[in-house]
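Visitor: I'll drop the sequence and a predicted model, then ask my questions.
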Amino acid sequence: MSFELPQLYPLTDAALSGLSHAEQVERLIDGGATLIQLREKDLSPMEFYRQAKAALRVARQRRVRIIINDRVDLALALRADGVHLGQGDLPPDAARRLLGENAIIGLSTHNADQARQAVTFPVSYLAIGPVFSTATKPDTAREVGLEGIRAVRKAVGAMPLVAIGGITKGNARQVIDAGADAVALISALLSSPEETTMRTRLMFQTLTTG
C-alpha cells in the first residue's frame, strides 16, 4: 500500500513534557507536525482514552493524523488514523483486519532480519531503532547506528522507514542521509515543553535544508 511519511514524526510523552496529550499535539502542530504518535506508558487505559480523545479533537480541527502506540483497541474505539505496533504487540495482520485497509499501521524493528520479515506483513511503514542510545526507552534493544539504517534500507527496498532513538537536531540529517524517510523524536522536542513549537520548526528546517 502507498504511504508517504513526513520527515518529522513526533511522539508524545506526558511524563517527560508534563503536558496532556492534547497540549502536546497542539504545540507540535503549531511547529508544523502533520503526523503524530500518541505514546503512553503510565496512565490507566481509561485516562489515556480520555486524553487521546481530546488530542484527536485538536488534530482533526487542524487536519493532522494521529497514530496510537501499541493499543489497537483504543485506535479502533477512537477511530484514530492508525496504530504503531511493537514486536510483542498484536500481529500486524490481526490489526489490519480490525482497523481496515485504510488504517496506517507501523511496526517497530530492531535489526535487518526483523525488517525483512516485517515487509511481508500488511504494514504501512517500518520503524528501526534505537539508532543511538536513548533515555526515553532505556530497556530497549542494542543501538543500530547509521550502518544499521543502511542495512535495513537495503533489506526493505522502498518500504517507508522511520528511524527512532537518540536522534537530535545535530544528527537528524545524517539519519535521513543514511536511508531513513523520517525521524521519530520525543526528547528533542518535548524535554523543554515551552520550546516544543520552536524546536519542531527548527527540526523541520534542519531536515529540509540539510
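Guide: Perfect, I can see it now. Only a predicted model underlies this, so the values are computations on that prediction, with no experimental measurement involved.

Visitor: hey, where'd the helices end up in the chain?
Guide: Along the chain, counting by DSSP state H, helices occupy 14-17, 21-30, 45-62, 72-78, 92-99, 112-118, 145-156, 172-177, 187-190, 196-209.

Visitor: pretty sure His110 is in contact with Ala141, am I right?
Guide: Yes: if you go by Cβ atoms under 8 Å, His110 and Ala141 touch, sitting 4.0 Å apart. Heads up, the C-betas are built off the backbone N, CA and C, glycines and all.

Visitor: list residues touching both of the two?
Guide: Gly129, Pro130 (Cβ atoms under 8 Å, 6 or more residues apart in numbering).

Visitor: Those two: who's more crowded?
Guide: His110 (21 against 15; other Cβ atoms under 10 Å).

Visitor: Phi, psi for the more buried one please.
Guide: Torsion angles at His110 (phi, psi; degrees, to the nearest 10) stand at phi -130, psi 0.

Visitor: in stretch 70-87, what's buried?
Guide: By neighbour count on 16 or more other Cβ atoms under 10 Å, the buried set for stretch 70-87 is 70-72, 74-76, 78, 80-85.

Visitor: how long is it end to end?
Guide: Length of stretch 70-87, first residue to last, Cα to Cα, to the nearest Å: 10 Å.

Visitor: contact partners of it?
Guide: Taking Cβ under 8 Å, 6+ apart as the rule, stretch 70-87 contacts 35, 37-38, 45, 48-49, 52-53, 56, 65-69, 89-90, 92, 94-95, 98-99, 103-110, 114, 124, 127.

Visitor: Going through those, which ones are buried?
Guide: In these, burial by neighbour count holds for 35, 37-38, 48-49, 52, 56, 65-69, 89-90, 92, 95, 99, 103-110, 114, 124, 127, counting by 16+ other Cβ under 10 Å.

Visitor: got any ranges where this structure has weak pLDDT?
Guide: Low-confidence segments of the chain, defined by pLDDT under 70: 1-2, 135-140, 210.

Visitor: And Tyr49, how close does it get to Gly148?
Guide: In this view, Tyr49 and Gly148 are 35 Å apart by Cβ to Cβ, to the nearest Å.

Visitor: repeat for Ala172
Guide: On the measure of Cβ to Cβ, Ala172 and Gly148 end up 16 Å apart.

Visitor: Contact partners for Asn69?
Guide: Leu11, Gln37, Leu38, Arg39, Glu40, Val83, His84.

Visitor: swap the cut-off to 6 Å and go again
Guide: Residues near Asn69 by Cβ atoms under 6 Å, 6 or more residues apart in numbering: Gln37, Arg39, His84.
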